[in-house]
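**Q** Fold the following, please.
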Amino acid sequence: MQHAEPDPAVRLLTVVEAVAARADEASRRLDDLTASLDELEGNGQPAPGPSVDPADPVRVAAIELAVGGAGRAEAAELLAQRFPGAELELVLDDVF
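**A** Predicted structure coming up:
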């Protein structure tokens with residue numbers, strides 16, 4: 001006696017239902033992880049990053065260069081010459 005092959009539409013529906021159930025579970029887990037991260041980061045507030053002193057001479061010079069039309073790369077080069085050893089990335093990120 002031969003076994004009848006299952007109807008392809010029934011098989012497809014079974015697969016679609018299984019995928020939908022897994023997607024729902026993944027969505028719930030993602031929501032839980034997001035909520036946990038929000039709690040760790042201060043209830044949805046962005047974590048404070050390193051700050052730049054507004055009166056920092058490097059920052060003031062970077063602002064002057066930006067206002068004068070210098071691009072980030074040009075400002076980085078000029079600031080490196082003027083302030084050797086200064087940490088420029090944070091200032092450049094803040095100004096540009």
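
**Q** okay, CA-based contacts and neighbour counts for the rest of this
**A** Fine.

**Q** isn't Asp94 right next to Pro54, touching?
**A** No. Taking contacts as Cα atoms under 8 Å, Asp94 lies outside contact range of Pro54: 10.0 Å.

**Q** neighbour count winner among the two?
**A** Between Asp94 and Pro54, Asp94 has the larger neighbour count (other Cα atoms under 10 Å), namely 14 against 11.

**Q** give the contact list for that one.
**A** Val52 (Cα atoms under 8 Å, 6 or more residues apart in numbering).

**Q** what pLDDT does Ala80 get?
**A** Note on Ala80: pLDDT of 96.

**Q** Nearest spatial neighbour of it, chain-adjacent residues omitted?
**A** Ala86 (7.1 Å; Cα to Cα, 6 or more residues apart in numbering).

**Q** Just say helix, strand or coil for that neighbour.
**A** coil (DSSP: H, G, I helix; E, B strand; the rest coil).

**Q** Neighbours of it, how many?
**A** For Ala86, the neighbour count with other Cα under 10 Å is 12.

**Q** What values do phi and psi take at it?
**A** phi -70, psi 150 (degrees, to the nearest 10).

**Q** From Leu37, how far off is it?
**A** Separation of Ala86 from Leu37 (Cα to Cα, to the nearest Å): 34 Å.

**Q** By residue count, tell me the biggest helix in the chain.
**A** Longest among the helix segments of the chain by residue count, using DSSP state H, is helix 8-40.

**Q** Show me what that one is packed against.
**A** Packing partners of helix 8-40 (3 or more Cα pairs under 8 Å, 6 or more residues apart in numbering; DSSP states H and E): none among the helices and strands.
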